[in-house]
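>>> sharing a model prediction with you, sequence too.
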Amino acid sequence: MVIEIPAQSVKELRNQTGAGMMDCKKALQDSKGNMQSAIETLRKKGLASADKKSNRITAEGTIESYIHVGSRIGVMVELNCETDFVARRVEFHRLAKDIAMQVAASPSVRYVSIDEIDEKIILNETKIESGKEDLVHKSQLIKDNIIAARINKRLKEMSLMNQPFIKNQDVSIEQLVKQHIALLGENIKIRRFEKFILGEGLEKKNNNFASEVQKIITQG
């Protein structure tokens with residue numbers, strides 16, 4: 001016997017997973033109304049669906065911007081999809097905006113994914129970790145394991161895809177993108193982003209007001 005699922009439960013599940021309404025309803029029916037079980041089912045289904053689409057060409061999309069309150073931090077993100085139809089969807093633009101906000105809120109992020117991090121940077125980080133004093137008296141095996149764990153943590157800090165989503169800490173940006181792949185039915189990729197911080201790279205002039213006043217008086 002198929003159990004009746006309240007519309008509110010279906011809506012709540014859709015908000016949490018990004019899956020289609022009918023998929024949410026079926027997942028709740030299969031789990032006999034258990035929300036957590038239905039979420040797990042849909043996440044597995046969504047990840048499998050997203051993985052199948054991961055090699056499709058993404059030549060359409062949008063460039064989204066976000067200016068943080070106070071106008072001191074700005075971000076531009078290029079988010080790609082397969083068709084112009086999906087590129088115009090509200091959900092796609094909302095995703096692009098959320099990703100731009102994520103970049104603004106993640107000071108350590110420099111790359112879209114770990115795969116983009118240059119080998120020279122990884123070697124330099126490894127060199128830094130290897131020279132730390134707390135590893136001096138460790139055996140080589142333990143030292144290697146600690147360094148590997150620290151490097152892995154550091155690389156994840158630099159990677160956008162590995163960040164916990166600011167609006168839902170239980171979901172990473174990678175999972176968020178995959179949820180939207182399942183929702184919209186197309187491959188979606190974050191191609192690139194750029195962050196602008198007001199005054200970054202400029203040498204700020206530190207004026208001594210008293211000396212400036214004295215200089216004016218002297219010249220006068």
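Cool, got the structure.
>>> endpoint to endpoint, stretch 102-118 covers what distance?
End-to-end distance of stretch 102-118: 22 Å, with Cα to Cα, to the nearest Å as the criterion.
>>> buried set for that stretch?
102-104, 106, 109-113, 117 (16 or more other Cβ atoms under 10 Å). Where C-beta positions appear, they are placed from N, C-alpha and C, glycine not excepted.
>>> which residues sit against that stretch?
Under the criterion Cβ atoms under 8 Å, 6 or more residues apart in numbering, residues 66, 68, 73-75, 77, 155-163, 165-166, 173-174, 190-193, 195 lie in contact with stretch 102-118.
>>> circling back: got TSV for the buried residues of stretch 102-118, with pLDDT and secondary structure too?
Listed next are the buried residues of stretch 102-118 as TSV, based on pLDDT from 0 to 100; DSSP: H, G, I helix; E, B strand; the rest coil:
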residue	pLDDT	secondary structure
Gln102	96	helix
Val103	96	helix
Ala104	95	helix
Ser106	94	coil
Val109	95	coil
Arg110	95	coil
Tyr111	96	strand
Val112	96	coil
Ser113	95	coil
Ile117	92	coil
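>>> and of those residues, the nearest to Glu203?
Arg110 (22.3 Å; Cβ to Cβ).
>>> if we can go back for a sec, of the buried residues of stretch 102-118, which pair is most distant in space?
Most distant of those, by Cβ to Cβ, are Ala104 and Ile117, 20.5 Å apart.
>>> against Ile122, how distant is Ile142?
Taking Cβ to Cβ, to the nearest Å as the measure, Ile142 falls 21 Å from Ile122.
>>> between those two, which one's more packed in?
When neighbours are counted by other Cβ atoms under 10 Å, Ile142 and Ile122 differ, and Ile122 comes out ahead with 15 against 11.
>>> wait, isn't that one in contact with Ile151?
Yes - using Cβ atoms under 8 Å, Ile122 is in contact with Ile151, at 6.8 Å.
>>> how close does Met101 sit to His93?
On the measure of Cβ to Cβ, Met101 and His93 end up 13 Å apart.
>>> the more surrounded of those two?
Higher neighbour count among Met101 and His93: Met101, with 18 against 14, using other Cβ under 10 Å.
>>> not counting its neighbours along the chain, what's nearest that one?
Tyr66 (5.2 Å; Cβ to Cβ, 6 or more residues apart in numbering).
>>> look up how far Met22 lies from the one you found.
Taken as Cβ to Cβ, the span from Tyr66 to Met22 is 33 Å.
>>> those two: which is more packed in?
Higher neighbour count among Tyr66 and Met22: Tyr66, with 20 against 9, using other Cβ under 10 Å.
>>> so what's the more buried one up against?
Contacts of Tyr66 by Cβ under 8 Å, 6+ apart are 74-75, 77, 97, 100-101, 103-104.
>>> which SSE is it in?
Using DSSP states H and E, Tyr66 maps to strand 60-67.
>>> run the angle between the very next helix or strand once past that strand and strand 60-67 for me.
Moving toward the C-terminus from strand 60-67, the next helix or strand (DSSP H and E) is strand 73-81. Between the axis of strand 73-81 and that of strand 60-67 there is an angle of 170 degrees, by axes from the mean of the first three to the mean of the last three Cα atoms, to 10 degrees.
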